[in-house]
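*Asks:* need a 3D model of the following:
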Amino acid sequence: MSGSGAHSAAPVTHRQVWALAGPIVLANVSVPLLGAVDTAVVGHLGEVHYIGAVAIGAMLFNFIYHLFNCLRMGTTGPTAQARGAGDAAEVRMMLGRALLLAAAAGGVMVMLQGPILALAFALIDASDRVEQLAREYFLIRVWALPAVLCTYAIIGWLYGLRNVRTPLVIQLFTNGVNIVLDVIFVFGLGLGVAGAALASVIAEYAGLALGVYQVRRTLSDLPAGRPGAVLLDAARLRRMVAINGDIVLRTLCVVSVFAIFMAKSAELGDLPLAANQVLHLFLMFTSFGLDGFAHAAETLLGEAVGRRDAPGFLQGRRVVLLWGGIVGAGNVVVYLLFGPAMVALITSIPEVREAAVGMLGWPALIPLVSVWAYLYDGIYLAATRTRIMRNTVIVAFAAYLVVTYAAMPLAGNAGLWAAVTAFLAVRGLLLHLYLPRVVRSIAADPA
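*Replies:* Residues are numbered from 1 along each chain as shown. So this is what the prediction gives:
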């Protein structure tokens with residue numbers, strides 16, 4: 001990368017998409033393993049309330065992690081745009097700004113752990129035993145938040161540089177440490193739910209240490225770029241805060257969908273809660289897998305935006321949607337064929353297995369609906385048109401609430417799954433309808 005001048009325009013190819021999406025898919029599919037491994041480990045302790053406790057605890061962390069995933073999502077697109085424009089100095093500054101926001105957000109969340117728990121259990125009607133264990137899990141794992149958020153910033157920055165292999169190594173390393181420590185702490189030392197939480201904390205800080213080491217190596221190979229670049233540039237900070245603010249509001253709606261889903265599951269009883277926690281892992285694997293193509297779109301299409309190349313942006317969008325659709329259909333086939341076996345791997349409790357397999361059709365078919373919402377998220381993030389993302393997801397969230405409160409009294413657990421499906425369908429449709437407006441604006445104003 002030179003200090004000035006943009007990269008020459010080149011069409012996005014199928015090989016480029018897979019070169020980026022392949023490692024990102026592997027890395028992203030590994031993300032829910034932190035919660036999945038905890039669920040699987042305690043799922044073999046023989047009591048339903050252990051799974052329920054991790055379901056509630058993992059839901060709280062998924063809520064927080066997704067909410068602050070803006071630190072990844074809001075970093076990749078602007079970094080790719082700076083790379084596309086040939087501005088190496090701004091690429092460096094993006095990392096510094098993202099880490100500052102991540103450290104501050106992580107510290108605040110640790111300090112607010114008491115109010116967060118109080119609010120959570122004011123909204124969630126779980127049994128006394130599940131609530132007790134979930135509190136224990138949360139109060140230990142909350143100390144991993146600063147490490148998690150800083151790692152998000154690092155991964156987003158690396159994605160913006162087309163470096164997808166390093167994040168894969170970081171996330172696989174983190175999950176490997178977590179798996180080993182889960183087995184040692186839960187089965188070896190008999191620490192139960194507390195052991196699962198402690199394993200996650202240690203694993204996240206180990207992953208951050210590896211990420212910092214890899215960032216130092218990347219910076220040493222990156223040109224200094226133009227002189228005068230400022231880390232605390234007021235205009236660029238305002239833009240970054242505005243982008244992240246839109247993403248936070250957008251993500252608040254997304255995570256609220258699944259928080260309400262788990263809270264309503266708890267109202268149905270410990271068994272439906274446990275079954276839905278098991279099936280929710282299918283949605284997690286689907287979303288993180290499809291998000292791999294969304295991340296590839298952020299990088300490749302973000303560079304096109306940095307060059308003000310609207311035709312290149314459109315051409316790249318077609319390639320990403322094609323392959324994302326194919327992979328989404330593949331997920332459906334895998335879940336329909338192997339779903340019961342996957343449920344059996346997660347839990348050995350017969351009644352939970354039976355309840356989960358009975359509802360398996362919903363998470364098995366949802367990839368056909370969700371693929372468009374996930375991929376268009378990446379396309380809009382590449383263009384940093386986050387306001388449209390925010391507004392469309394608010395409308396989809398309203399549709400979700402209507403279906404939830406209308407269908408749950410009539411259909412019970414099936415009503416909850418129908419509401420999730422409606423939310424994803426509305427998101428994808430609205431983002432598709434707004435895209436022509438975004439494309440027309442790229443050549444004139446890439447920001």
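*Asks:* in the stretch 151-300 of the chain, which spans are helices?
*Replies:* Taking DSSP state H, counting those that start in this stretch as the criterion, the stretch 151-300 of the chain carries its helices at 165-182, 192-220, 234-268, 270-306.
*Asks:* taking the mean pLDDT, what do you get for the last one?
*Replies:* When you say that, I think you mean helix 270-306. Per-residue confidence for helix 270-306 averages out to 84 on the pLDDT scale.
*Asks:* over to the first one?
*Replies:* Averaged across helix 165-182, pLDDT comes to 88.
*Asks:* likewise the second one?
*Replies:* When pLDDT is averaged over helix 192-220, the result is 90.
*Asks:* quick one, that helix and helix 165-182 angle?
*Replies:* The directions of helix 192-220 and helix 165-182 differ by 160 degrees, with axes from the mean of the first three to the mean of the last three C-alpha atoms, to 10 degrees as the criterion.
*Asks:* gap between helix 192-220 and the chain center?
*Replies:* Offset of helix 192-220 from its chain centre (C-alpha atoms, centre = their mean, to the nearest Å): 17 Å.
*Asks:* and the angle from the helix or strand harbouring residue 404 to helix 234-268?
*Replies:* Per DSSP states H and E, residue 404 falls inside helix 386-411. Counting by the same axes, to 10 degrees, helix 386-411 points 0 degrees away from the direction of helix 234-268.
*Asks:* list the buried ones in whatever helix or strand comes next after helix 386-411?
*Replies:* Helices and strands here follow DSSP H and E; after helix 386-411, the next one along the chain is helix 413-442. Within helix 413-442, the residues that qualify as buried by neighbour count (16 or more other C-beta atoms under 10 Å) are 413, 415-432, 434-435, 438, 442. Just so you know, the C-beta spots here come from the backbone N, C-alpha and C atoms, and that holds for glycine as well.
*Asks:* just stretch 107-124 next, same as before
*Replies:* Those would be 109, 116-117, 120-121, 124, for stretch 107-124 by 16+ other C-beta under 10 Å.
*Asks:* what about those, which are in helices?
*Replies:* Among the buried residues of stretch 107-124, the ones falling in helices (DSSP state H) are 109, 116-117, 120-121.
*Asks:* any regions of this structure where pLDDT drops low?
*Replies:* Per-residue confidence for the chain (pLDDT under 70) gives these ranges: 1-9, 27-55, 123-128, 225-229, 443-447.
*Asks:* where's the most centrally placed residue in it, which helix or strand?
*Replies:* In the chain, the centroid-proximal residue (C-alpha atoms, centre = their mean) is residue 66; its distance is 5.5 Å. With elements delineated by DSSP H and E, residue 66 resides in helix 48-67, which encompasses its position.
*Asks:* what does residue 334 give?
*Replies:* Taking DSSP H and E as the criterion, residue 334 maps to helix 310-346.
*Asks:* angle of the helix or strand following that helix against helix 270-306?
*Replies:* Proceeding C-terminally, helix 310-346 gives way to helix 350-358 as the next helix or strand, assigned by DSSP H and E. Using the same axes, to 10 degrees, one finds that helix 350-358 and helix 270-306 are set 50 degrees apart in direction.
*Asks:* who touches helix 350-358?
*Replies:* With C-beta atoms under 8 Å, 6 or more residues apart in numbering as the test, helix 350-358 has contacts from 43, 48, 51, 271-272, 274-276, 278-279, 339-340, 343-344, 347.
*Asks:* what angle do helix 310-346 and that helix make with each other?
*Replies:* For helix 350-358 against helix 310-346, the angle between stretch directions is 150 degrees (the same axes, to 10 degrees).
*Asks:* buried stuff in helix 350-358?
*Replies:* Taking 16+ other C-beta under 10 Å as the basis for neighbour counts, the residues of helix 350-358 that come out buried are 352-353, 355-357.
*Asks:* which of these lies closest to residue 151?
*Replies:* Proximity to residue 151 was ranked across those by C-beta to C-beta; first place goes to residue 356, at 30.9 Å.
*Asks:* any idea how far residue 346 is from that closest one?
*Replies:* Residue 356 sits 8 Å away from residue 346 when distances are taken as C-beta to C-beta, to the nearest Å.
*Asks:* which neighbours do those two share?
*Replies:* Here residue 356 and residue 346 have residue 278 as joint contacts, going by C-beta under 8 Å, 6+ apart.
*Asks:* what's the closest non-adjacent residue to residue 97?
*Replies:* residue 240 (5.6 Å; C-beta to C-beta, 6 or more residues apart in numbering).
*Asks:* surely the one you found meets residue 78?
*Replies:* Yes. In this structure, residue 240 is within contact of residue 78 by C-beta atoms under 8 Å, at 7.1 Å.
*Asks:* comparing those two, which residue is more hemmed in?
*Replies:* The neighbour comparison of residue 240 against residue 78 (other C-beta atoms under 10 Å) goes to residue 78, with 30 against 22.
*Asks:* next up, phi/psi of that one, please.
*Replies:* For residue 78, the backbone dihedrals (degrees, to the nearest 10) come out as phi -60, psi -40.
*Asks:* which residues touch it?
*Replies:* Counting by C-beta under 8 Å, 6+ apart, residue 78 touches 94, 160, 239-240, 243, 302, 384.
*Asks:* any chance of those in a markdown table, with distance to residue 13 too?
*Replies:* Compiled in a markdown table, the contacts of residue 78 are given as follows (distance: C-beta to C-beta, whole Å):
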| residue | distance to residue 13 |
| --- | --- |
| 94 | 26 |
| 160 | 19 |
| 239 | 30 |
| 240 | 30 |
| 243 | 28 |
| 302 | 16 |
| 384 | 23 |
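*Asks:* would you mind writing the CA trace of stretch 105-114 as PDB?
*Replies:* The C-alpha coordinates for stretch 105-114 follow below in PDB (Å, rounded to 0.1, in the frame of the first residue of the first chain):
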ATOM      1  CA  ALA A 105     -16.800   0.100  26.600                       C
ATOM      2  CA  GLY A 106     -15.400  -3.100  28.200                       C
ATOM      3  CA  GLY A 107     -14.500  -1.200  31.400                       C
ATOM      4  CA  VAL A 108     -17.900   0.400  31.700                       C
ATOM      5  CA  MET A 109     -19.700  -2.900  31.200                       C
ATOM      6  CA  VAL A 110     -17.600  -4.500  34.000                       C
ATOM      7  CA  MET A 111     -18.500  -1.700  36.400                       C
ATOM      8  CA  LEU A 112     -22.200  -2.100  35.500                       C
ATOM      9  CA  GLN A 113     -22.400  -5.800  36.100                       C
ATOM     10  CA  GLY A 114     -24.700  -5.400  39.100                       C
END
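*Asks:* thanks a lot, see you next time.
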